[in-house]
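Participant: Requesting a structural model of the entry that follows:
(one chain, ligands or ions: 1)
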Amino acid sequence: MKTVIVGGVAGGMSAATRLRRLDEDAEIVVFERSGHVSFANCGLPYYVGGVITERSALLLQTPASLKARFGLDVRVNSEVTGIDPEAKTVAVHDLATGERYTEGYDHLVLAPGAAPFVPPIPGVERALVLRNIADTDRMADAVDAALARPEPSAVIMGGGFIGLELAENLTERGLKVTIVELADQLLAPLDVEMAALVEKHLVKHGVAVRTGVSVAEVCAEAVTLSDGSSLPAGLVVAAIGVRPETGLAAAAGLELGERGGILVDERQRTSDPSIFAVGDAVVKRDALTGGQALVPLAGPANRHGRLVADVIAGRPAASRPVLGTAVVGAFGLVAAATGWTEKRAVAAGRTVRVIHTHPANHAGYYPGAEGMSLKLVVDADTDAILGAQGVGGAGVDKRIDVIATAMRGGLTASDLADLELSYAPQFGSAKDPVNMLGFIAENLRDGLTETVQWHEVEAEVAKGVQLIDVRTPAEYARGTVDGALNVPVDDLRVRLDEVADDVIVHCQVGLRGYFAARTLAQHGRRVRNLDGGYRTWARI
Ligand code: FAD
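Facilitator: Numbering: from 1, shown residues only. I've put the predicted structure just below:
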């Protein structure tokens with residue numbers, strides 16, 4: 001049996017090598033349009049930034065090494081230009097020699113990935129994208145050229161994962177970087193108050209951030225924005241997002257999904273039973289609804305590539321829906337997310353319960369603890385975990401991965417309270433931040449406590465609800481939620497006469513507020529605790 005694979009990086013190469021491990025006799029041909037296969041696309045920004053110093057470190061395999069170890073016939077600089085599903089052949093254009101030929105297949109695997117979206121604006125030809133090794137070489141040269149100018153500057157269109165990674169790396173190289181993002185926040189997989197923490201960190205490290213505007217024109221040494229202002233730009237990058245490469249599939253009459261990706265079933269089979277598709281080019285199933293989703297991430301591409309090999313080799317296998325678990329780092333800050341944001345859950349009509357916490361990654365008494373902000377989005381009707389986000393230092397990725405695993409296993413938010421996680425003071429806490437989220441979820445589910453969100457406070461106060469800051473006078477003096485009366489938690493029992501019937505309490509992160517809420521509730525007050533405390537409200 002002969003399997004032809006289009007695209008020789010994440011999904012395609014996972015399929016090819018796994019198929020060889022399962023079937024020593026299979027004929028496997030991989031076509032790759034660029035000059036390299038199996039390169040480390042996730043490492044490209046770090047080569048541009050000089051963190052990865054050896055270009056060769058990005059090139060994980062070559063056609064020769066893949067031939068030697070896996071007996072693969074890998075043809076680089078070879079673009080597949082058409083599919084004839086009836087004849088079961090693909091048309092190939094050898095970009096090095098100009099030769100055109102056809103290649104037959106029994107099974108065809110499409111793994112062509114997704115192309116960076118470049119907006120149709122005047123002068124955009126000057127904007128660079130980052131997808132493959134050739135792009136990386138171009139960008140590295142452009143950085144050198146930009147650095148040679150009197151005031152080295154760069155504009156990055158797009159404040160997503162790649163935009164942030166490039167902002168860090170170009171800054172480290174010495175460019176004055178501005179991110180221009182059309183949405184009103186960076187990082188769409190985060191909610192606005194969590195993304196604000198990332199923006200603050202970038203600004204602290206010298207990156208300018210312009211949200212709510214777009215680049216209207218790319219000029220010789222500058223860009224003009226949609227609000228009429230302009231920015232110096234020795235280098236311009238388009239990192240606005242990616243579009244699935246579906247040209248081949250569409251021309252072959254394969255069914256596409258609502259959002260443009262190639263439609264596949266649980267076995268990654270397209271509407272043609274001999275043709276499979278994986279990776280950024282395909283529609284995935286959303287883990288929360290089963291609906292169609294585009295999730296251009298390396299994990300699903302690799303796993304689904306592996307799975308296709310199983311299916312072709314006749315093994316039972318079915319792909320799982322995806323959560324979109326992702327992580328990014330910039331200037332030492334980590335931002336990670338899994339599942340849905342609050343805004344997405346609300347837009348989908350879910351009744352949500354939201355929890356913000358600000359724990360340390362390990363016991364505070366052990367030197368070197370780093371803080372983080374966590375957010376859990378819970379379905380208030382079912383206690384199901386809809387999503388989680390984390391921003392901070394060490395340990396953010398671990399907490400989001402634990403929650404992603406819990407979601408995959410079908411645990412509820414309250415179940416997080418009971419997870420048995422490893423602990424010693426330098427690694428965590430006996431009540432891990434994930435357990436703490438579970439405790440709070442359980443208390444909310446059981447009605448032991450009621451919370452109010454940062455964006456709801458103003459309206460509640462306007463309705464006449466009393467606001468009490470239960471922190472110390474010194475903390476209160478450094479800044480409080482507008483209009484709050486200061487009654488420290490330890491004084492509450494003796495100052496009960498100052499507390500109204502309907503009250504919102506707040507502390508720094510929510511814990512003392514919870515203690516205060518329990519006290520006041522037992523003294524007959526209707527009391528709500530400001531979720532995440534002053535830190536979430538003030539976004540600090
Ligand atoms: P790709 O890995 O992009 O491979 C597709 C290949 O198909 C391409 O090399 C292309 O040349 C080839 N091709 C397309 N059409 C044809 C054709 N007609 N004929 C022959 N060949 C063709 N994801 C993460 O999860 N974490 C990260 O940190 C991360 N960082 C990233 C950083 C950068 C700069 C980039 C660009 C991506 C990053 N990603 C990251 C995304 C991740 O790389 C992709 O999700 C993953 O590579 C998708 O795998 P794929 O096989 O679908 O496509």
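Participant: Tell me how many other residues surround whatever residue of the chain ends up closest to the ligand.
Facilitator: Among the residues of the chain, Gly279 lies closest to the ligand, at 2.0 Å counting by C-beta to the nearest ligand atom. In this view, the C-beta of every residue, glycine as well, is placed from N, C-alpha and C. Residue crowding around Gly279 was assessed by other C-beta atoms under 10 Å; the count is 33.
Participant: OK, contacts around the closest residue to it other than its chain neighbours?
Facilitator: Leaving aside its chain neighbours, Gly279 sits nearest to Gly11 (3.2 Å; criterion: C-beta to C-beta, 6 or more residues apart in numbering). Contact analysis of Gly11 by C-beta atoms under 8 Å, 6 or more residues apart in numbering lists 109, 111, 113, 278-280, 301-302, 304-305.
Participant: ditto for Glu99
Facilitator: Applying C-beta under 8 Å, 6+ apart, one finds that Glu99 lies in contact with His93.
Participant: rerun at 7 Å
Facilitator: Glu99 makes no contacts at all, as judged by C-beta atoms under 7 Å, 6 or more residues apart in numbering.
Participant: ditto for Ala313
Facilitator: 19, 22-23.
Participant: Ok, Gly290 next?
Facilitator: By C-beta under 7 Å, 6+ apart, the residues touching Gly290 are Pro321.
Participant: So it belongs to a strand, correct?
Facilitator: No: Gly290: not assigned to a strand; according to DSSP: H, G, I helix; E, B strand; the rest coil it is coil.
Participant: Now do the SS call for Glu460.
Facilitator: helix.
Participant: Test my guess that it contacts Thr451.
Facilitator: No: between Glu460 and Thr451 no contact is recorded; they are 11.6 Å apart, counting by C-beta atoms under 7 Å.
Participant: More neighbours: these two, which one.
Facilitator: Between Glu460 and Thr451, Thr451 has the larger neighbour count (other C-beta under 10 Å), namely 22 against 18.
Participant: which residue sits closest to that one, ignoring its sequence neighbours?
Facilitator: Asp531 (4.0 Å).
Participant: What pLDDT is listed against that neighbour?
Facilitator: Looking at Asp531, its pLDDT is 97.
Participant: Please apply the same query to Glu258.
Facilitator: Confidence score, pLDDT, at Glu258: 84.
Participant: in stretch 447-456, what counts as buried?
Facilitator: 449, 451-454 (16 or more other C-beta atoms under 10 Å).
Participant: CA-only coordinates of that stretch, as CSV, when you get a sec.
Facilitator: In CSV, the C-alpha atoms belonging to stretch 447-456 read as follows (Å, rounded to 0.1, in the frame of the first residue of the first chain):
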residue,chain,number,x,y,z
GLY,A,447,-24.0,28.5,48.5
LEU,A,448,-21.5,28.9,51.4
THR,A,449,-20.3,32.1,49.8
GLU,A,450,-21.5,34.5,47.1
THR,A,451,-19.2,36.5,45.0
VAL,A,452,-19.4,39.6,42.8
GLN,A,453,-17.2,40.2,39.8
TRP,A,454,-14.8,43.2,39.3
HIS,A,455,-17.0,44.6,36.5
GLU,A,456,-20.2,44.4,38.5
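Participant: Is there contact, residue-wise, from the helix or strand where Ile5 lies to the ligand?
Facilitator: Secondary structure assignment for Ile5, by DSSP states H and E: strand 2-6. Yes: using C-beta under 6 Å from any ligand atom, strand 2-6 reaches the ligand at Val6.
Participant: Doesn't Arg210 lie inside a strand?
Facilitator: Yes: under three-state DSSP, Arg210 sits within a strand.
Participant: Per-residue pLDDT of the nearest residue to it once chain neighbours are set aside, please?
Facilitator: Leaving out its chain neighbours, the residue that sits closest to Arg210 by C-beta to C-beta, 6+ apart is Val180, at 4.9 Å. pLDDT recorded at Val180 is 98.
Participant: elements contacting the strand or helix carrying Val180?
Facilitator: Assigned by DSSP H and E, Val180 falls within strand 176-181. With contacts taken as 3 or more C-beta pairs under 7 Å, 6 or more residues apart in numbering; DSSP states H and E, strand 176-181 sits against strand 153-157, helix 161-173, strand 208-211.
Participant: Tell me the neighbouring strands of it, and mark each as parallel or antiparallel.
Facilitator: strand 153-157 (parallel), strand 208-211 (parallel) (DSSP bridges).
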